[in-house]
Each structure stands twice: as C-alpha cells, then as structure tokens.
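Fold the following for me, if possible:
(one chain, ligands or ions: 1)
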Amino acid sequence: MVAKTQFGLEELLATELKALGATDIELLTRAVKYRGDKSMLYKSNLHLRTALKVLVPFTSFYAHHENQLYKRVRQIDWEQYLTPRQTLAIDATTNSEIFHHSKFTALKTKDAIVDQFRDRYGIRPSVDVDDPDFRLNVHVHDKLVTLSLDSSGTTLDRRGYRLSRTEAPMNEVLAAGIVLLSGWDGHTDLLDPMCGSGTFSIEAAMLAANIAPGKRRDFGFERWRDYDGALWSQIKSEAQHAERKFTGRVVCSDLEPAAVDIAQQNARRAGVERLIDFRISDFFDSKPSGESGTLLFNPPYGERLKEEGIVDFYKEIGNQLKHHYAGHTAWIISANAEALKFVGLRPTRKIKLFNGSLECRLQKFEMFAFEKHRGTEAQSS
Ligand SMILES: C[S@@+](CC[C@H](N)C(=O)[O-])C[C@H]1O[C@@H](n2cnc3c(N)ncnc32)[C@H](O)[C@@H]1O
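Numbering: from 1, shown residues only. Sure thing, here's the model as predicted:
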C-alpha cells in the first residue's frame, strides 16, 4: 500500500504506520510505502492522522504512447472491481515526456474501462468526479504506468467535522502533523491563540483522547466488491473502545468572536467540544494559564512584507512570548519567511512545510524559565 501525505510529514506518517503494525515501511517523497492486509487497509484509513490517501497499487506496465496505455488498461478484467451500473472517477498524475497531460491520461484510462463494459454488456459505468463508487489512481513516471485502487475516496483531511469555515482554514492533516511535530504529550497546556476555525485545537484534542480521525466519515473501500462489513465493524468498535479520557487543557482562542463560535461548532461535530476551553481574546493582552505549555500559531501571513502592519504584528508576537510566556514553547507556521525574522527570538528548529500551495516555515521558539529571583528570560537573538 502507499499512503500519500504532504511534503515534510513523511516521517510522522511512517511512525504512525509502525504503531498500527504495518511492515516493510519505506519513505518516499510525500508518501510512505508499506505492507499490510485488508485489516491494515481499513485501519490505515480510520487511524492515520497525517495521511491524505491510502492507495493499493495493483499493476504496473510500460506504455510508450497513449494508445498503448488504452490497450493495456483494457486488458485488465475490470469486473473484479466494479459493476457496469456503478460510477467511477480517475485521478491521474504524470511525470513523463510522453504523457504530458494528466487529464488526457485519465480520459484514455476511463475510455478503456468503460469500453470494456460496453462491449460486454451494452451498458457502461458513468463518471462521477465528486462521489464515485470506484476511484482509480493512475501514476505515470516516464513510461512506467502504475494503477492503484484509491481506498480512501475523498482525501483524509476531510474528517467530516468542519462544515463551518473561517478565512484561510488550515488543512486538518497539516494541523495534525504540526501537533505531532510539536511533541505535545497532553500533560501540559496546548494553546491555540489565533485559532480561526479551531483546527489545531480539534486535532490536538482528538489526539489526546485517542479519537480516530476518520471516525465521522465514509471511505471508498466501503463500496468495493470485496468489502468486509464485519471486519470494518470490528475495527471501528475496537477504535471506540481505545478512546481515552483526556483531563489536560487545550485552549482555543481568537480575537474574533465569530471565529471562536465557528471553532466551537466544529469541535462539537468532532465530539471534542467538552475537551477544549474556548475564549475570545486578543493574544497581545493574554497571559498563560499555567507555567509551561505549547503554543501553536498560524498567524495571518500578509501577502508581502510591506503589507501594512505585518512586521509589527510578528514583532508583537515575539514580544508577548518573551515577556509573558517563559517556560513555554511556541511553534509558528508562516509563508512569510521575512516577517518570521521579526519575531526576534532565535528558532531552535525550522521545518519546511506547505500550507496548500504556499511554501511555509514552521519554526520552534523556546522561552526558557530561569530561576524566579532572576525573573523570566527568553532566548532572544
Ligand atoms: C490564518 S487564521 C488561522 C486559521 C486557523 N489555523 C484555522 O485552521 O482555521 C489567523 C487567525 O488569527 C486571528 N488573529 C489575528 N490577530 C489576532 C490577535 N491579536 N489575537 C488573537 N487572534 C488573532 C484571526 O482572527 C484569524 O482567525
């Protein structure tokens, strides 16, 4: 199987897979390859917090032109996978001198499949890009074509809890990845002081309570011909029993009352509303609730450095951290690398990530707590 993820989260995904019992784990770029049975396939979809999709590659062949691709695809017995009355969708990615256009590659593949059904039965599966019964992934590297069953359906970042959106919400997979990268263990406070729609807080609370991220959604494999309903029920019931009580603190706050309201609605749908403290608060007037903790920030990026106030905004984040958050660790993700420099603290880690198509830096800042009589100091540059 191949679990796809975002750039920079591969190692976390491999660790998650190891914990699930996967074997032969191999890191790729934006993906992790591994081995497992049907139970592992179902568990991967239900439990992986940093995967976007779980694919099952089932054949590879060389094709030198599009007609050859068509011919090879048509030779596969597609009745193993779907019926003529079902719907299908094809996702294609190409990295090839010959197959330039992924859309055309997808179209040729689809034609080969539906032509096989039409010849046999006079009817053919129709295409439904939004909610198909069967989703196929085509990957072409140079002349090597790999076909994979897409067991997830819609991407796994769609956990099913976020119906209400604020501006620039963060993808759930990235948010979960940042919570995991921060190493937060649930014993100290987790602060999400510019929470927007609350993604960091919700992902953190789900992690702390061991709630499976896929608990509230459906998956592609549930419509497969070899779907094992009894096995799936058993895996879901095991996940339910593995949920644990979380007594730590996650604080989700924002300057905007509307954002806090949306975050709360989303948390309710995720089943973690009671695990999170919601507050309307300006970070620049805030004080920590405990002596130590982890802060996760996804502040506004500002399109350009010159955008009004963006430098001062980042400076002010740094000042607030320095003066009031001794003993805490802050992680800030931003696409504005220049503005990040104005935080004025020396980062102890820098990680390249992508928020959508925006290249970002995730930086870690540690505000050390020195002995009380010397007051509190931060590590400043
Ligand atoms: C990019 S959004 C965060 C998106 C969030 N990670 C999500 O997943 O939806 C930035 C948020 O910072 C909030 N914000 C800006 N200045 C603030 C301040 N001084 N104190 C608290 N929140 C602030 C905005 O209201 C906005 O909701």
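
ok, V272 touching I202?
Yes - between V272 and I202 there is a contact at 5.9 Å, judged by CB atoms under 8 Å. No exception for glycine: its C-beta is placed from N, CA and C like everyone else's.

and the two? which has more neighbours close in?
Summary of the neighbour comparison: V272 and I202, criterion other CB atoms under 10 Å, with I202 having more neighbours (34 against 24).

What helices and strands are in contact with the helix or strand harbouring the more buried one?
Element membership for I202 (DSSP states H and E) is helix 199-208. In this structure, helix 199-208 packs against helix 172-182, strand 189-192, strand 250-254, helix 257-270, strand 276-280, with contacts taken as 3 or more CB pairs under 8 Å, 6 or more residues apart in numbering; DSSP states H and E.

can you redo these as TSV with distance to the ligand and mean neighbour count?
What follows is the helices and strands packed on helix 199-208, written out as TSV (distance: least, CB to the nearest ligand atom, whole Å; neighbours: other CB atoms under 10 Å):
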stretch	distance to the ligand	mean neighbour count
helix 172-182	6	25
strand 189-192	8	25
strand 250-254	5	25
helix 257-270	4	20
strand 276-280	9	17
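
How many residues are close by whichever residue of the stretch 101-250 of the chain sits closest to the ligand?
As assessed by CB to the nearest ligand atom, the ligand sits closest to G196 within the stretch 101-250 of the chain, at 2.6 Å. A count of nearby residues for G196, using other CB under 10 Å, gives 24.

Same check on S289?
Neighbours of S289 under the rule other CB under 10 Å: 12.

Low-confidence stretches in the stretch 101-250 of the chain?
Scanning the stretch 101-250 of the chain for pLDDT under 70 picks out the ranges 164-166.

Close to the ligand: what parts of it are there?
For the stretch 101-250 of the chain, the residues in contact with the ligand (CB under 6 Å from any ligand atom) are 166, 168-170, 193-194, 196-197, 199-200.

Find the centremost residue of this structure, please.
Among the residues of the chain, the one closest to the centroid is V173, at 1.4 Å (CA atoms, centre = their mean).

For that residue, which non-adjacent residue is closest in space?
Counting by CB to CB, 6 or more residues apart in numbering, V173 lies nearest to D157, which is 4.3 Å off, once chain neighbours are set aside.

Can you tell me the SS state at the one you found?
Following DSSP: H, G, I helix; E, B strand; the rest coil, D157 is assigned to coil.

how does the protein divide into domains?
Per automatic domain parsing, the domain ranges recorded for the chain read 2-150, 172-374.

okay if I get those domains as CSV plus distance to R162?
Conversion of the domains of the chain to CSV gives the following (distance: least, CB to CB, whole Å):
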stretch, distance to R162
domain 2-150, 15
domain 172-374, 5
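
which residues in the chain form helices?
Along the chain, counting by DSSP state H, helices occupy 10-20, 38-47, 66-75, 102-121, 172-182, 199-208, 229-241, 257-270, 310-324, 337-341.

and the angle from the fifth one to strand 250-254?
It refers to helix 172-182. Our comparison of helix 172-182 with strand 250-254, counting by axes from the mean of the first three to the mean of the last three CA atoms, to 10 degrees, yields an angle of 120 degrees.

Give me the packing partners of helix 172-182, helices and strands only.
Packed against helix 172-182, as judged by 3+ CB pairs under 8 Å, 6+ apart, are the following elements: helix 10-20, helix 199-208, strand 293-297, strand 328-334, strand 349-355, strand 358-366.
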